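Q: Could you work out the structure for the sequence below:
(chains A, B, C and D)
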Protein chains: 4
Amino acid sequence: MDHRGPDFAALGHRVLKGMQTIFRCSGPVVVYPSSGTGAWEAALVNTLAPGDRAVMVETGHFANLWSTLAQRLGIDAELVETDWRRGVDPDRVEDLLRADNSHRIKALCVVHNETSTGATSRIAEIRQAMDAAAHPGLLLVDTISGLASADFRQDDWGVDVAISGSQKGLMLPPGLSFNAIREKALAVSSTSGCARSYWSWQEMLGPNKTGYFPYTPATNLLYGLVEAIDMLHEEGLENVFARHRRHAEATRSAVAAWGLETQCQEPRDYSPVLTGVRLPDGHDADLFRAAVLEHFDMSLGNGLGKIAGRVFRIGHLGDFNDLMLMGTLSGVEMSLAMGDIPHHGGGVDAAMASLRQSAQAG
Amino acid sequence: MDHRGPDFAALGHRVLKGMQTIFRCSGPVVVYPSSGTGAWEAALVNTLAPGDRAVMVETGHFANLWSTLAQRLGIDAELVETDWRRGVDPDRVEDLLRADNSHRIKALCVVHNETSTGATSRIAEIRQAMDAAAHPGLLLVDTISGLASADFRQDDWGVDVAISGSQKGLMLPPGLSFNAIREKALAVSSTSGCARSYWSWQEMLGPNKTGYFPYTPATNLLYGLVEAIDMLHEEGLENVFARHRRHAEATRSAVAAWGLETQCQEPRDYSPVLTGVRLPDGHDADLFRAAVLEHFDMSLGNGLGKIAGRVFRIGHLGDFNDLMLMGTLSGVEMSLAMGDIPHHGGGVDAAMASLRQSAQAG
Amino acid sequence: MDHRGPDFAALGHRVLKGMQTIFRCSGPVVVYPSSGTGAWEAALVNTLAPGDRAVMVETGHFANLWSTLAQRLGIDAELVETDWRRGVDPDRVEDLLRADNSHRIKALCVVHNETSTGATSRIAEIRQAMDAAAHPGLLLVDTISGLASADFRQDDWGVDVAISGSQKGLMLPPGLSFNAIREKALAVSSTSGCARSYWSWQEMLGPNKTGYFPYTPATNLLYGLVEAIDMLHEEGLENVFARHRRHAEATRSAVAAWGLETQCQEPRDYSPVLTGVRLPDGHDADLFRAAVLEHFDMSLGNGLGKIAGRVFRIGHLGDFNDLMLMGTLSGVEMSLAMGDIPHHGGGVDAAMASLRQSAQAG
Amino acid sequence: MDHRGPDFAALGHRVLKGMQTIFRCSGPVVVYPSSGTGAWEAALVNTLAPGDRAVMVETGHFANLWSTLAQRLGIDAELVETDWRRGVDPDRVEDLLRADNSHRIKALCVVHNETSTGATSRIAEIRQAMDAAAHPGLLLVDTISGLASADFRQDDWGVDVAISGSQKGLMLPPGLSFNAIREKALAVSSTSGCARSYWSWQEMLGPNKTGYFPYTPATNLLYGLVEAIDMLHEEGLENVFARHRRHAEATRSAVAAWGLETQCQEPRDYSPVLTGVRLPDGHDADLFRAAVLEHFDMSLGNGLGKIAGRVFRIGHLGDFNDLMLMGTLSGVEMSLAMGDIPHHGGGVDAAMASLRQSAQAG
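A: Numbering: from 1, shown residues only, chains lettered A, B, ... in the order given. I've put the predicted structure just below:
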């Protein structure tokens, strides 16, 4: 399809309006032909000038990467360290912002669902903390691996810029990324930000009004995107979220039965999208993952950054059902046994009991 | 692609030679654009004249259907009844053929893998029984659901005509069927058989010599077929067969742990392709299947013919791996519990133990 | 999709009802997993017994093949010879049937669109001829290459059995074929016909009532078929027919300008689907076709049977537009010049004038 | 496929090495998940600091856009105006660089193939002009619509950074873009450039050494890319270029016969990829394009920027053959006649003569 032709505009409009129903926002959604990393960069360069201070809460590896990216762009990014075993603590955010009397902090950057650990941050409570501190900074939220899998509500939660990508909950190949923008951020962008062109919201929003893009869009992914949006609404977003919660709960039942620890220690922050599992000391998670791949042709997620080799990750993202989860958990349980890793049996049984119970309740 | 053009012949040759490596035969393989039922008809009309006697052993529903088809074509088909809980008994075949002093029986028709029950017949032993009885009849074997999943050796086993289709072990959509033909059958066909044109081996074999077909072939499936043949040899036929045996064994471990009966009662005849499972008296297998479909979006095979409602079938055909099997068995175990069907737990655990053991041995 | 499962029936019903709108018939349409040749055989074995006389009019190669097929099935097929340069002559049919006082002729078999020559037979006039002769024989019409490209009206024209396939006007890969059956043929089939099973209408029509098939259907082609039917109705059958007529007219304008002859000499019988073109004596059409393929990567249809080497065929079947036709005709005109084949220039110009005129009129 | 898994590296290596054979370079090629616009930005931000002067030669709309982009990034971009009817004039480049005694100009930015006009710039001569002026600036060349269609030789021609994308000569959907980098540019980038992260060559080149990427790549397009590279080498790059030159020559023959003007007036700069055609004064090219689309379902390229409404574009990019070109030119010729646009006939005939001649010569 000719991306300058008359038929294209209809597709463009469907994508742009459709993404608002996924972000649950009334402001514009900007679509980039890029990876999610590009959308991280876009959110920063449109709102923060070189030298501006941004606070990132280090919930894990991805928060860390985002902070490094900001520093490369000349932003004064302060990384608030944590133990990588929970989401962002809203009380700590409130203290930190209250202490910033001079309002040097221009933005708080939070990862909604930390893929590296399996912890979700409570965004609504973080917003309340910002409001309680009466702090004017922007709230930038990366929901790359959260959107369309875990509940997300940009408008209700007061997220100034939400960032996401095509390859997780939207079930597409990688190659598209998003900024969903609220009015306050848009206003800031008109007077601040870094020098920018590819990522410039202003350059995008003009052509977007008529359904077009200022440069060649990734047309084939846009076609996939309207299908994905329709599929999500056909199942119902609430049902999608509930399905992921069921699967996460069944997974944790298995982990508990095995006598292993989840990486996330805060029950309120358990991710509905994936579960990070710690192997006992002295056992290498990457060797374990290699054995699972060899014996059962299943690729588990690896530990990233400072928990590399300590953690493996069980994901249940996107188009996933109960029996695929049971296949996954069976592969883990068999591999634990075959690898002589200290554990109890019965994890698969516990997961079946959990799924059965929620299926009968649901 | 133009099926009369020069490029087509290369494809035709690859298909025809490739299928010989799957049937393990040196005689020609004829490819029909038809369902497997067409290949049943083809095998009969090329070798048997109206009024000729054929003996079919009723190992289950499909043997039954084949017999009915033969009768419609005017063949004097005699159906040897069994209890549908085992493959063909070679001793009984020997007795039956010894009793046919006048050699009225022109063909013995056997289903290699009875999909309706999960029983495999021992073809090599049946051939030995025919030889022991010094009977000149042809051996026609339907291996529609057996080929490329269960061991099959046309030449070694002395199968005169082997019949198969595209949609099972060859992992393609339905629409192609096969007759693999040994010399004796070819000789019979030149002087006997029913009036025929579409199914005529003679009409096929002429054009096949140069890689062409006498009428429009199902070209897109032929492309798929050369890929499927390559995939099977890449894995190795012996490895493919071993994989199916492992899965069948693990499945039977689960069934035994549940305290349920397999439909096939003869261990030598257990199918490596699927397992028929009987529900306790008073429980409707079709209601059970409907519940599995509703709760877990899994479609189990139904009981056919006289075991309708008594049996459900667990298949592990084609491109299938350990974790897909565990997903399947988990779905059955959860559904047995949810449906209050009398059974013991532990089937999934038993299957994991079986798979683990064979994985570590293998 | 499980072809015995509940979702399948909806697909089956859509296919069976949809095909009635294409054949323009009220009787049932039977769908075979087979090539069109299978549907030829089906129409014969359901209505004619061995020894029954059928008259085939030899409009070209395909009528010839159909006649041979009938003879192999034991039918007393009489082939009425023609010069292969026109469709069936209704007057000749009337004479022939009037002469058959004893009504030995059970069926008249006619090819609607003779692909080998590019001649269409006037089916409505043939029906009138049969009626004028008050002959009770059945009218069997092969519209394999006509249906969905050239106007066809089974009910209006009184065609007792219409035969077609998936790979021409229905724009699908080969692998499905059809019999559209009117009441009289159905009645005949219940008391006559050859021994049959795969092709048996009776065996098909029972399961078809609930949307199912008596044996494994070619499911992937059935999905394609419902899409193809929808596409045809979206464009409108009349518009599809008009498009083909325009293209055939433009093609003939080019042929006339080149000073070449069309194989079909009867203007009333010009095919809207393809045009057979004769090369001047002493020029080999197959060498010409090979040169076109080599220089322009275009595969023209070859002459078949007794006009092999004399004729090449220009088709404009299925999903084809004006500019594809112009590309085709340009390739022919350039190849005529490059091959030093006696001809005039200006064919492409004439075709453009023809298309322009009809585009502006339309 | 897991883009952190062991199988991915093999794909990554094939892509990165393969692209060197397309750019004909020995330096590294960086692959971005972005549109070509992103690769424009990448080339600039890695080599030029804010305030650095770059000279862009305005060969048409795309050169113009690139200049605007540079200005947005804070680069002092000077746009050398032309009449949009030719490529870059090497002599003018030489004069301009000679006049820059103080070497304030850090980069010369040139569009290899100007899609908006159909003019190609002679890159080798431009390099010679830079060398003659002994100017140390970098040569940045956008070959987004040139690469893999028009001859391009990064090493031989001394192009410091070459920029391209996936959706033109590489025949893929949009979504990948490239920077091919020579040593001098790499050295400059280590001490200069804008603040950058997503576009940073340094961040890319580390992981690329082992076949990986620093952030999620557009995996499905990478699969397509290795196929596209193989296809190009199978045909042979020289043959691909010759094919495009033939098509462009035939197109210009048609335009000349019609009595219309090509937008490009310099024969040495005629693009082999597309031809811009001017309509006579008083005729709106966009109305003409709309009529072509309506009558013949063909989408011609529009005039962009200051030649909007004056020009339409005939492209013959990517997987294109002689008969597709003839279809295209026929559509134009018929539409010129139908739209009463003053022109002569015979364009299609002239193009056929041109193609025939080159086919027979070739």
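
Q: quick one: contacts for the closest residue to chain B within the stretch 1-150 of chain A?
A: Among all residues of the stretch 1-150 of chain A, A:Ser149 sits closest to chain B, at 18.6 Å; criterion: C-beta to the nearest C-beta. (Glycine included, C-beta is placed from N, CA and C.) Residues near A:Ser149 by C-beta atoms under 8 Å, 6 or more residues apart in numbering or on different chains: A:113, A:168-169, A:240-241, A:244, A:272-273, A:317-318.

Q: for the residues you listed, which one is nearest chain D?
A: A:Lys168 (9.9 Å).

Q: ok now do the closest one, which residues does it touch?
A: A:144-149, A:273, A:317-318.

Q: Show me where chain A has its helices.
A: A:6-23, A:36-47, A:61-72, A:90-98, A:123-132, A:154-157, A:183-191, A:201-208, A:219-235, A:237-258, A:285-296, A:322-338, A:347-361 (DSSP state H).

Q: Indicate which one of these is closest to A:Ile163.
A: helix A:36-47 (4.6 Å; C-beta to C-beta).

Q: mean confidence score for the closest one?
A: Helix A:36-47 carries an average pLDDT of 98.

Q: now it: how far from the chain's centre is it?
A: Centroid separation for helix A:36-47 versus its chain: 15 Å, with C-alpha atoms, centre = their mean, to the nearest Å.

Q: Give me the helices and strands touching it, please.
A: Counting contacts by 3 or more C-beta pairs under 8 Å, 6 or more residues apart in numbering or on different chains; DSSP states H and E, helix A:36-47 is packed against strand A:29-33, helix A:61-72, strand A:105-111, strand A:138-142, strand A:161-165, strand A:176-181, helix A:183-191.

Q: With mean pLDDT as extra columns, can I get these in TSV?
A: As requested, those are exported to TSV (pLDDT from 0 to 100):
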stretch	mean pLDDT
strand A:29-33	98
helix A:61-72	97
strand A:105-111	98
strand A:138-142	98
strand A:161-165	98
strand A:176-181	98
helix A:183-191	98
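
Q: JSON lines please, covering those and showing distance to B:Arg53.
A: Formatted as JSON lines, the helices and strands packed on helix A:36-47 follow (distance: least, C-beta to C-beta, whole Å):
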{"stretch": "strand A:29-33", "distance to B:Arg53": "71"}
{"stretch": "helix A:61-72", "distance to B:Arg53": "75"}
{"stretch": "strand A:105-111", "distance to B:Arg53": "77"}
{"stretch": "strand A:138-142", "distance to B:Arg53": "76"}
{"stretch": "strand A:161-165", "distance to B:Arg53": "69"}
{"stretch": "strand A:176-181", "distance to B:Arg53": "68"}
{"stretch": "helix A:183-191", "distance to B:Arg53": "86"}
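
Q: So for B:Glu227, which of the ones you listed sits nearest?
A: strand A:176-181 (31.1 Å).

Q: between the closest one and strand A:161-165, how big is the angle?
A: 170 degrees (axes from the mean of the first three to the mean of the last three C-alpha atoms, to 10 degrees).

Q: could you dump strand A:176-181 to PDB, C-alpha only?
A: What follows is strand A:176-181, C-alpha atoms only, in PDB (Å, rounded to 0.1, in the frame of the first residue of the first chain):
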ATOM      1  CA  LEU A 176       6.700  -0.500  16.400                       C
ATOM      2  CA  SER A 177       6.900   1.500  19.600                       C
ATOM      3  CA  PHE A 178       4.500   4.000  21.200                       C
ATOM      4  CA  ASN A 179       4.300   7.200  23.300                       C
ATOM      5  CA  ALA A 180       0.900   7.900  24.700                       C
ATOM      6  CA  ILE A 181       1.000  11.600  25.700                       C
END
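
Q: Let me see the backbone angles for the closest residue to A:Asp100 other than its chain neighbours.
A: Leaving aside its chain neighbours, A:Asp100 sits nearest to A:His135 (6.6 Å; criterion: C-beta to C-beta, 6 or more residues apart in numbering or on different chains). Dihedral angles phi and psi of A:His135 (degrees, to the nearest 10) take the values phi -100, psi 130.

Q: show me the contacts for A:His135.
A: For A:His135, counting by C-beta under 8 Å, 6+ apart, the contacting residues are A:97-98, A:100, A:103, A:105.

Q: Chain A against chain D: which residues are in contact?
A: Those residues of chain A that sit near chain D, judged by C-beta under 8 Å from any C-beta of the partner chain, are A:2-5, A:32-38, A:41, A:50, A:68-69, A:72-74, A:165, A:167, A:173-175, A:194-198, A:200, A:203, A:214-221, A:299, A:302.

Q: among those residues, which ones are buried?
A: A:3, A:32-38, A:41, A:69, A:72-74, A:165, A:167, A:173-175, A:194-198, A:200, A:203, A:214-221, A:299, A:302 (16 or more other C-beta atoms under 10 Å in any protein chain shown).

Q: show me the contacts for the residue nearest to A:Tyr215 when sequence neighbours are not counted.
A: Leaving out its chain neighbours, the residue that sits closest to A:Tyr215 by C-beta to C-beta, 6+ apart is D:Thr37, at 3.8 Å. With contacts defined as C-beta under 8 Å, 6+ apart, D:Thr37 is in contact with A:197-198, A:214-216, D:65, D:69, D:177.

Q: how about the residue nearest the centre of chain A, what does it touch?
A: The residue lying closest to the centre of chain A (C-alpha atoms, centre = their mean) is A:Ser145, at 2.9 Å. Taking C-beta under 8 Å, 6+ apart as the contact definition, A:Ser145 lies against A:112-113, A:115, A:168-169, A:273-274, A:317.

Q: one more time with 7 Å
A: A:113, A:115, A:168, A:273 (C-beta atoms under 7 Å, 6 or more residues apart in numbering or on different chains).

Q: quick one: which of these is nearest C:Ile123?
A: A:Lys168 (58.6 Å).

Q: Could I get the pLDDT score of the closest one?
A: 95.

Q: And the one 5 residues further on, by the same measure?
A: We note a pLDDT of 95 for A:Pro173 in this prediction.

Q: pLDDT value on the closest residue to it other than its chain neighbours, please?
A: Spatial nearest neighbour of A:Pro173, chain neighbours left out: D:Asn220 (4.1 Å); criterion: C-beta to C-beta, 6+ apart. According to the prediction, D:Asn220 has pLDDT 93.
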